[in-house]
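Asks: Here is the input, now give the coordinates:
(one chain, ligands or ions: 1)
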Amino acid sequence: MDNRPIGVFDSGLGGLTVVKELMKILPGENLVYFGDTARVPYGTRSNETVIRYSKQCIRFLLSQDVKMIVIACNTVSSISLDIVNKIFDIPILGVIEPGAKAAAQSTKNKRVGIIGTQATIRSKAYEKALAKHDPEISIFSTPCSLFVPIVEEGWSNTQIALLTAERYLDSMKGNEIDTLLLGCTHFPLLQDTIGKVMGPDVTLVNPAEGTALEVERILRSKNILNLEGNEGTYNFFVSDLGEKFEDIGGQFLGREIKCIQKIDIERY
Ligand code: DGL
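Replies: Reported below is the predicted structural model:
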């Protein structure tokens with residue numbers, strides 16, 4: 001039993017899609033979320049910068065006395081997970097492995113598509129993780145960078161989103177995939193639009209769901225679940241408090257956000 005919070009971080013607000021799943025599956029756990037809103041996006045940055053930023057995010061969460069850390073960001077998980085796991089003495093989980101596992105379980109024809117930021121696709125982290133589950137799976141990947149600002153602008157269900165999705169996914173449609181992995185925190189908000197483009201025969205996999213299940217498994221196996229039986233408390237921290245934080249954050253989380261505090265991430 002351990003009632004300390006779980007720490008979750010992301011380059012910005014997108015990681016709240018992972019928090020949403022954690023709240024569903026582990027309603028009794030306390031959560032501390034950090035969104036690096038001053039330095040988002042990470043997806044177009046170099047590996048060196050992403051690694052430096054992720055170490056700072058982890059140091060901040062450690063200052064909040066968390067019992068485990070979830071890297072909600074696909075870009076950070078792709079690039080930094082192995083590195084930070086060697087440095088910090090705390091369980092740290094990324095979204096890649098749970099996402100790859102869910103996609104491997106979903107595909108029947110062994111043809112899987114992956115979409116994400118430029119950095120995530122360049123890293124080939126999902127490819128490697130999928131190949132470990134089943135080397136016979138054929139993988140088709142493509143970066144969809146514009147999806148991130150489209151979601152942040154609140155345009156997920158507009159004609160602009162649909163046209164952008166058609167442009168990005170046109171070639172993907174020719175690959176006869178039956179599963180498409182949404183390898184970016186923002187993409188679950190485009191689920192309806194992406195689903196329209198890919199059609200009903202393609203299953204869309206949101207890594208956030210498998211990640212939350214894996215968090216539960218880790219807490220259980222380490223005997224550090226919070227068994228107090230109360231509803232969890234949630235604290236949200238950001239590195240820049242923009243006007244739209246509450247609106248956009250609320251969209252990602254699917255509920256109102258309270259208690260947002262701004263911190264100086266460069267101090268960590
Ligand atoms: N959170 C990032 C991801 O999941 C998307 C936003 C960014 O580029 O920082 O890859």
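Asks: and Phe34, helix, strand or coil?
Replies: Under DSSP: H, G, I helix; E, B strand; the rest coil, Phe34 falls in the strand class.
Asks: so it bridges to which residues?
Replies: Phe34 forms beta bridges with Phe9, Phe237, as assigned by DSSP bridges.
Asks: any idea how far it is from Thr75?
Replies: 15 Å (Cβ to Cβ, to the nearest Å). In this view, the C-beta of every residue, glycine as well, is placed from N, C-alpha and C.
Asks: Next one: whatever residue of the chain ends up closest to the ligand, what pLDDT does it get?
Replies: At 2.6 Å from the ligand, Gly43 is the closest residue in the chain, using Cβ to the nearest ligand atom. Gly43 is assigned 90 on the pLDDT scale.
Asks: so who does it touch?
Replies: Gly43 makes contacts with 11, 75, 116-120, 145, 148, 184, as judged by Cβ atoms under 8 Å, 6 or more residues apart in numbering.
Asks: Mind telling me what element it is part of?
Replies: Following DSSP states H and E, there is no helix or strand that holds Gly43.
Asks: Can you tell me, leaving aside adjacent residues, what's nearest to it?
Replies: Thr117 (2.7 Å; Cβ to Cβ, 6 or more residues apart in numbering).
Asks: can I assume that neighbour is in contact with Asn74?
Replies: Yes. Counting by Cβ atoms under 8 Å, Asn74 is a contact partner of Thr117 at 6.9 Å.
Asks: Show me whatever sits in contact with both of those two.
Replies: Common neighbours of Thr117 and Asn74 (Cβ under 8 Å, 6+ apart) are Cys184.
Asks: Quick check on these two: which one has the bigger neighbour count.
Replies: Asn74 (37 against 28; other Cβ atoms under 10 Å).
Asks: Tell me the secondary structure at Gly229.
Replies: coil.
Asks: again but with Val40, I slipped
Replies: Strictly by three-state DSSP, Val40 counts as coil.
Asks: Surely it is in contact with Gly12?
Replies: Yes. Between Val40 and Gly12 there is a contact under Cβ under 8 Å: 3.4 Å.
Asks: Could you check which of the two has the larger neighbour count?
Replies: More crowded of Val40 and Gly12, by other Cβ under 10 Å: Gly12, with 27 against 21.
Asks: what's near enough to touch that one?
Replies: Taking Cβ under 8 Å, 6+ apart, we find Gly12 in contact with 35-37, 40-41, 152.
Asks: about what we covered before: buried members of the contacts of Gly43 into PyMOL, please.
Replies: In PyMOL, this line selects whichever of the contacts of Gly43 come out buried by 16 or more other Cβ atoms under 10 Å:
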select buried, resi 11+75+116+117+119+120+145+148+184
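Asks: Show the overlap between the contacts of Gly43 and what lies near the ligand.
Replies: 11, 75, 116-117, 120, 148, 184 (Cβ under 6 Å from any ligand atom).
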